[in-house]
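[1] Build me a model:
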Amino acid sequence: MGFGNIVPPHNTPTSGQGEILAAAVELRRARGEDAGRELADLRRVLGYLVRHQVRAESCVPCADPARVAGGFTEGAPAPAIRIDYVQHAWSALAHGARMIGG
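    Predicted coordinates for the structure are as follows:
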């Protein structure tokens with residue numbers, strides 16, 4: 001996650017934050033505690049990740065756009081796709097969606 005207009009948000013720490021928030025929601029629920037604050041933050045994180053997912057139609061510089069669709073980069077200034085970027089983002093999306101729906 002980034003701050004304001006000077007430092008752009010990055011997908012990788014945002015993904016990690018999503019994983020943390022999903023776990024925090026699950027723990028709070030297991031303890032019978034209110035998870036409303038974490039759920040609100042989790043919704044924002046998941047929305048960000050969905051908007052920044054690589055799409056074939058938006059990947060103009062990609063040699064094979066269809067091959068990278070669904071991937072995640074480190075962030076706008078660093079367009080490389082790595083398996084750990086993708087894994088953490090999809091983990092946040094999957095577990096986060098389960099917590100929002102559950």
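
[2] tell me which element the closest residue to Phe72 other than its chain neighbours is part of?
    Leaving out its chain neighbours, the residue that sits closest to Phe72 by Cβ to Cβ, 6 or more residues apart in numbering is Ala89, at 4.1 Å. Just so you know, the C-beta spots here come from the backbone N, C-alpha and C atoms, and that holds for glycine as well. Using DSSP states H and E, the element containing Ala89 is helix 83-101.

[3] for Glu38, same thing?
    Applying DSSP H and E, one finds Glu38 within helix 36-51.

[4] List the buried residues for whatever helix or strand comes next after that helix?
    For helix 36-51, the following helix or strand on the C-terminal side (DSSP H and E) is helix 65-68. The neighbour-count check on helix 65-68 (16 or more other Cβ atoms under 10 Å) flags Val68 as buried.

[5] What of stretch 57-73?
    Under 16+ other Cβ under 10 Å, the buried positions of stretch 57-73 are Cys59, Cys62, Val68, Gly71, Phe72, Thr73.

[6] what does stretch 12-32 give?
    Under 16+ other Cβ under 10 Å, the buried positions of stretch 12-32 are 12, 14-19, 21-22, 24-26, 28.

[7] And stretch 45-55, by the same measure?
    Val45, Leu46, Tyr48, Leu49, His52, Gln53, Val54.
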